[in-house]
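Engineer: build me a model from this:
(chains A and B)
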Number of protein chains: 2
Amino acid sequence: MHFTSERRLDDGVLEREFTLGEIPGTLWTPESAAPVPLILMAHNNGLPKSAARLVARARHSAARGYAVASIDAVGCGDRPRSAADEQARAELRRAMQAGEAVDGIFESMIGPLVEKAVPDWRTTLDALLELPGIDGPVGYSGWTALGIRLAAVEPRIAAAGFFAGGYVPRAQREEARQVTVPLLFLLQWDDEGNPRQRTLDLFDAFGTEEKTLHANLGGHTGTPWFEVEDGNRFFDRHLK
Amino acid sequence: MHFTSERRLDDGVLEREFTLGEIPGTLWTPESAAPVPLILMAHNNGLPKSAARLVARARHSAARGYAVASIDAVGCGDRPRSAADEQARAELRRAMQAGEAVDGIFESMIGPLVEKAVPDWRTTLDALLELPGIDGPVGYSGWTALGIRLAAVEPRIAAAGFFAGGYVPRAQREEARQVTVPLLFLLQWDDEGNPRQRTLDLFDAFGTEEKTLHANLGGHTGTPWFEVEDGNRFFDRHLK
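Structural biologist: The predicted model follows:
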């Protein structure tokens, strides 16, 4: 893990860009004498780690006493996309504009994206836990499909907050029952691209006995800021 | 309003029993130099104000800086029941034991209970707001059916937290769209006596643009304690 830049934010949080082989990442850490727990934070459907809302959440959680890391996994964010990926995205835009069903396109696009992203996140987790000042347990926050897969295969994930705003491939809907860690599941009640009943079914399917659903009125990007604070308190209960 | 007894709890909260005409009530107030906002707290389906879980919630909210009041409205809690009420309750027990549908019985029992309880709660609200040290705005917490009716007719209610664990009469299901104050709606995912879809439909029907659903795994009495704290933070956002 090589740090390529760093800056100290107003609230004392240290924001560092890093590379780990091909993987670009950002790490936010608080001023703390004692080791702090880690939260892995990913945006839905492979959106970039530099996305403004993700960065705002990451800084807020770091200021509250967490190390927070995000990466652009292979094919995600600003990483190069394959010709097949580009073609699928073009087809998705066309189908959405034409008002056609897009589940099939999402399945072919997001399914492989999740599969390929998981090794990059696990490699990053290995490296992060070797840094001084970062300790377990580990939380996960954000992209539901990736989070289901990570929680199913990665025993170091101790609690997870999922945002129900992206396509969840069939494989991860089936894996949901393997998620047995405490879970906070966030739903926007009128999310345009995200059928409500499918989300409620997914909440029902998770295998954990300690799961909470928070639903708020409004569309995909309308999540109220107090949910960021609720999310931090959820992690406080399980990681501290 | 006549105070009939008082005691100071460990956390400084003053717990006073009162009567207001025929209405028996309890008022919990914090140690505070400045006036504090008020929360009206009622238990589902007319259960008594002395119920242990209600008392625990009331004390917790009072210690956080609220005046909290609960009453046994007419026909509720320890107040005398009419012969018709007693008969309906006996019929309800019989039907539940026999595994029969109970919606009709609930409708005939809870509908009038809500109608009759509302004037007692409004009378109490008038009296409470004349006490020194209690100020608006006013929150409501608990029994959904009563809360819908109160929020629809009582402009002094500024925010409401409803527990979706009791029968909601048809009239209140229709009135739900008249609830326009910020709302926190609490659902137990596996509540035995409370069909989940009906609760989700009710959440959808509320007229407010600022509504949040919290759902937790488990049965009717399994609400986790952190929801009490979440409820207090909800009131902090809207009443302080």
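
Engineer: top strand in chain A by residue count?
Structural biologist: With DSSP state E setting the assignment, residue counts place strand A:134-143 as the longest strand in chain A.

Engineer: and the residue lying farthest from the centre of chain A, what are its phi and psi?
Structural biologist: For chain A, the C-alpha farthest from the mean C-alpha position belongs to residue A:98; by C-alpha atoms, centre = their mean, that distance is 29.6 Å. Here is the backbone geometry of residue A:98 (degrees, to the nearest 10): phi -80, psi 0.

Engineer: ok, residue A:197 - how many residues close by?
Structural biologist: Residues near residue A:197, counting by other C-beta atoms under 10 Å in any protein chain shown, number 8. In this view, the C-beta of every residue, glycine as well, is placed from N, C-alpha and C.

Engineer: quick check: the gap between it and residue B:141.
Structural biologist: 29 Å (C-beta to C-beta, to the nearest Å).

Engineer: now swap in residue A:65 and tell me
Structural biologist: Taking C-beta to C-beta as the measure, residue A:65 and residue B:141 are separated by 31 Å.

Engineer: more neighbours: the two, which one.
Structural biologist: Higher neighbour count among residue A:65 and residue B:141: residue B:141, with 28 against 18, using other C-beta under 10 Å.

Engineer: quick check: bridge partners of that one?
Structural biologist: On the basis of DSSP bridges, residue B:141 takes part in beta bridges with residue B:41, residue B:161.

Engineer: report the buried residues of the lowest-mean-pLDDT helix or strand in chain A.
Structural biologist: Between all helices and strands in chain A, the lowest mean by mean pLDDT, DSSP states H and E belongs to helix A:83-97, at a mean of 91. Taking 16 or more other C-beta atoms under 10 Å in any protein chain shown as the neighbour-count basis, helix A:83-97 is seen to contain the buried residues A:85, A:88, A:91-92, A:95.

Engineer: now do stretch A:7-27
Structural biologist: By neighbour count with 16+ other C-beta under 10 Å, stretch A:7-27 contains the buried residues A:13-18, A:20, A:23-27.

Engineer: and what of stretch A:32-47?
Structural biologist: Neighbour counts using 16+ other C-beta under 10 Å place A:36-47 of stretch A:32-47 among the buried residues.

Engineer: what of stretch A:157-177?
Structural biologist: Counting neighbours by 16+ other C-beta under 10 Å, one finds that the buried residues in stretch A:157-177 are A:157-169, A:171-173, A:175-176.

Engineer: what is the rounded mean pLDDT of the lengthiest helix in chain A?
Structural biologist: Of all the segments of type helix in chain A, defined by DSSP state H, the longest one is helix A:103-128. When the per-residue pLDDT values of helix A:103-128 are averaged, the result is 96.

Engineer: go through it and flag the buried ones.
Structural biologist: Buried residues in helix A:103-128, counted by 16+ other C-beta under 10 Å: A:105-106, A:108-114, A:117-118, A:120-121, A:123-125, A:127-128.

Engineer: how far away is residue A:84 from chain B?
Structural biologist: Summarising the geometry, the distance separating residue A:84 from chain B, computed by C-beta to the nearest C-beta, to the nearest Å, is 39 Å.

Engineer: just residue A:8 next, same as before
Structural biologist: 30 Å.

Engineer: find the nearest non-adjacent residue to that residue, please.
Structural biologist: residue A:14 (5.7 Å; C-beta to C-beta, 6 or more residues apart in numbering or on different chains).

Engineer: who's in contact with that neighbour?
Structural biologist: Contacts for residue A:14 (C-beta atoms under 8 Å, 6 or more residues apart in numbering or on different chains) come out as A:6-8, A:28-31.

Engineer: and if you look at residue A:38?
Structural biologist: When the contact criterion is C-beta under 8 Å, 6+ apart, the partners of residue A:38 are A:66-69, A:125, A:128-129, A:134-136, A:138-139.

Engineer: quick one: which of the residues you listed is nearest chain B?
Structural biologist: Proximity of these to chain B (C-beta to the nearest C-beta) peaks at residue A:139, which lies at 16.2 Å.

Engineer: ok, that closest one touching residue A:162?
Structural biologist: No: contact between residue A:139 and residue A:162 fails when scored by C-beta atoms under 8 Å: they sit 11.4 Å apart.

Engineer: next one: stretch A:154-172 to chain centre, how far?
Structural biologist: Distance of stretch A:154-172 from its chain centroid, counting by C-alpha atoms, centre = their mean, to the nearest Å, is 8 Å.

Engineer: right, I mislabeled it, should have said stretch A:98-114
Structural biologist: 19 Å.

Engineer: equivalent analysis for stretch A:121-131, please.
Structural biologist: Centre to centre, stretch against its chain (C-alpha atoms, centre = their mean), the figure for stretch A:121-131 is 16 Å.
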